[in-house]
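Student: the sequence and its predicted three-dimensional model are supplied below.
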Amino acid sequence: MKIFCLYLLIGLSTVVAKTTILTLPLFHGIFYDLLIPLVVFLSLSLPNRTSVSVVVILGLIMDLLSGGIFGLYLSIYFWMFLSTKSLSKCFDVGKTIFQSALIGVCVLGQHVVFWASVAPPWKGAQLLATQTGTVLLQTFFAALTGPGILMLLGRLETRFQAPSSGAGRETREVAIR
Amino acid sequence: MFSKRSVRILCVILFALSNIILLSISAKHPHRYTIIHRVAMAGIVPFQESVISTMRFCRHIWSHYFYLVAVRQECDQLQEILARAEMEKNRSLESELACQRLRNLLEMKSEVSHRMLPSQVVGLDPSGWFKTVIINRGSMDGVSKGMAVTAPEGIVGHVIGASYRYAKVLLAIDRSSAIDALVQRTRFRGIVEGETSETCRFKYIVKKADIRIGDTVISSGLDGLFPKGLRVGVISEISKPLSGLFQEVRIRLFVDFARLEEVMVILE
């Protein structure tokens, strides 16, 4: 329950930051959806029951705050969660290069889904040059900073679990293995 | 009969299909505003509001107490501008009085001014693909779905849902936004559609229409959302494709959506 509350709080703080500070002209177009590294981390490190509930709640909140199709964020996060879980069984998720590629692909995938929902290419809508630039910049930035965020979240979990037991760390190690 | 792996793959395919179907159903009813939306907004928006207020306070402190290097120079410039503006004001006043006299002569009804409610932007859309903002006025203040939202520069958008204290506004630059507008100079009508960028498309302008780059576009008042005469933007790009009936026109909106802080809700 403690872990559930911790990650829910981190997620909610990220949502608030994303809709206030990170929309400042100073950060315009650089910051990707910072909940993506959190979803990847939850998928890799926490037991299913806890992580699925956090992912679903965060997805719903994003859908409620967003002006897009209801359920889009929820679907994206959920499929991201499932894909990461499946990939972790085949690859060594502890490697930075893999984490970097994974978060980059997730950010790119999210943009593709949004693009398809906002301006369906089969209806003749085109992606503007500025939008393409933003998508590429954010993907690159995500690949660059994603592993760092995963590491921070991992450390936070270890620190949070440390006084009680090493259970969390073990869970994470088992999941990564 | 089936291996465990096949069953799993089938389950994933079925889940994906049902997900797509549910999303399609959801897309058929965009901007639906339910009780869950109200609850979520009541829970999250106060935090957004406090963060935004803190940011504004810090910016205010910075700009009013620390960043005073260029203030003297700016003050001199402003005094000069003010003197010129005073002269302009006098001229405008004279023109207005003359206009009023003529209006009375023609027995025209004076234009009804709209009741406006000032409000602040307290949250933006989490995604860059959808253009909505949350304002700190809700049904408690008389705001309801469909009301027009403007800024001193021009049209901002319209309300798509309101909770007790907050309301969600769909910006004019969103792809699902459409405004019935006309060219101020020649009165040719069209539809301004968002493109999720700084410019909007001005659709259904026939090829023979007399429009020029720099022409001002205003709301026509025929869409039932925006009152007539509100400034929308200025024509920035015109192209005439070989095929088709219409010109391809882009307009640059007057409002700077990246720096939107205060807006006015038109209550009537």
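Tutor: Structure received. This is a predicted model, so every value here is computed, not measured.

Student: distance of B:I213 from chain A?
Tutor: 19 Å (C-beta to the nearest C-beta, to the nearest Å). Where C-beta positions appear, they are placed from N, C-alpha and C, glycine not excepted.

Student: which strand or helix spans that residue?
Tutor: In this structure, B:I213 sits in neither a helix nor a strand according to DSSP states H and E.

Student: quick check, pLDDT for it.
Tutor: Per-residue pLDDT puts B:I213 at 90.

Student: list the contacts for the residue nearest to it when sequence neighbours are not counted?
Tutor: Distance criterion C-beta to C-beta, 6 or more residues apart in numbering or on different chains; nearest residue to B:I213, sequence neighbours excluded, is B:I235 at 5.5 Å. Going by C-beta atoms under 8 Å, 6 or more residues apart in numbering or on different chains, B:I235 touches B:183, B:202, B:211-215, B:217, B:249-251.

Student: ok, A:L34 next?
Tutor: Here A:L34 is in contact with A:14, A:17-18, A:22, A:149 (C-beta under 8 Å, 6+ apart).

Student: keep only these that also lie close to chain B.
Tutor: Near chain B, judged by C-beta under 8 Å from any C-beta of the partner chain, the entries from those are A:17-18.

Student: quick one: least confident of the contacts of A:L34?
Tutor: The minimum pLDDT among these falls on A:L22, with 73.

Student: where in chain A is pLDDT low?
Tutor: Along chain A, segments meeting pLDDT under 70 span A:25-26, A:121-129, A:162-177.

Student: again, only this time at 80
Tutor: Scanning chain A for pLDDT under 80 picks out A:1-2, A:21-29, A:92-94, A:118-131, A:160-177.

Student: which residues of the stretch 151-268 of chain B lie near chain A?
Tutor: B:160, B:168, B:170, B:174-176, B:195-197, B:258-259.

Student: returning to what we had before: top of the contacts of A:L34 by neighbour count?
Tutor: Compared across the contacts of A:L34, A:K18 has the highest neighbour count, 23 neighbours, by other C-beta atoms under 10 Å in any protein chain shown.

Student: name the residues that touch stretch B:44-53?
Tutor: Outside stretch B:44-53, the residues touching it (C-beta under 8 Å, 6+ apart) are A:12, A:15-17, A:19-21, A:61, A:65, B:120-123, B:134, B:136, B:165-166.

Student: inside strands: which ones of those residues?
Tutor: In this view, the contacts of stretch B:44-53 that belong to strands under DSSP state E are B:120-123, B:134.

Student: filter those down to the ones near chain A?
Tutor: B:123, B:134.

Student: output the ones in strands among the contacts of stretch B:44-53 as JSON lines; include the columns distance to A:S45.
Tutor: Listed next are these as JSON lines, based on distance: C-beta to C-beta, whole Å:
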{"residue": "B:Q120", "distance to A:S45": "39"}
{"residue": "B:V121", "distance to A:S45": "36"}
{"residue": "B:V122", "distance to A:S45": "34"}
{"residue": "B:G123", "distance to A:S45": "30"}
{"residue": "B:I134", "distance to A:S45": "33"}
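
Student: need the ones in strands among the contacts of stretch B:44-53 in CSV with neighbour count, pLDDT and distance to B:K4, can you?
Tutor: CSV is the format used below for those (neighbours: other C-beta atoms under 10 Å in any protein chain shown; pLDDT from 0 to 100; distance: C-beta to C-beta, whole Å):
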residue, neighbour count, pLDDT, distance to B:K4
B:Q120, 16, 87, 57
B:V121, 24, 89, 53
B:V122, 24, 87, 51
B:G123, 27, 86, 46
B:I134, 26, 91, 47
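
Student: how about whatever residue of chain A ends up closest to chain B: what's its closest non-neighbour residue?
Tutor: Closest approach between chain A and chain B, counting by C-beta to the nearest C-beta: A:G67, at 3.2 Å. Setting aside the residues directly before and after it, A:G67 is nearest to B:T132 in space (C-beta to C-beta, 6+ apart), at 3.2 Å.

Student: tell me how many other residues surround the one you found.
Tutor: B:T132, neighbours per other C-beta under 10 Å, totals 24.

Student: so what pairs up with it in the strands?
Tutor: B:L170 (DSSP bridges).
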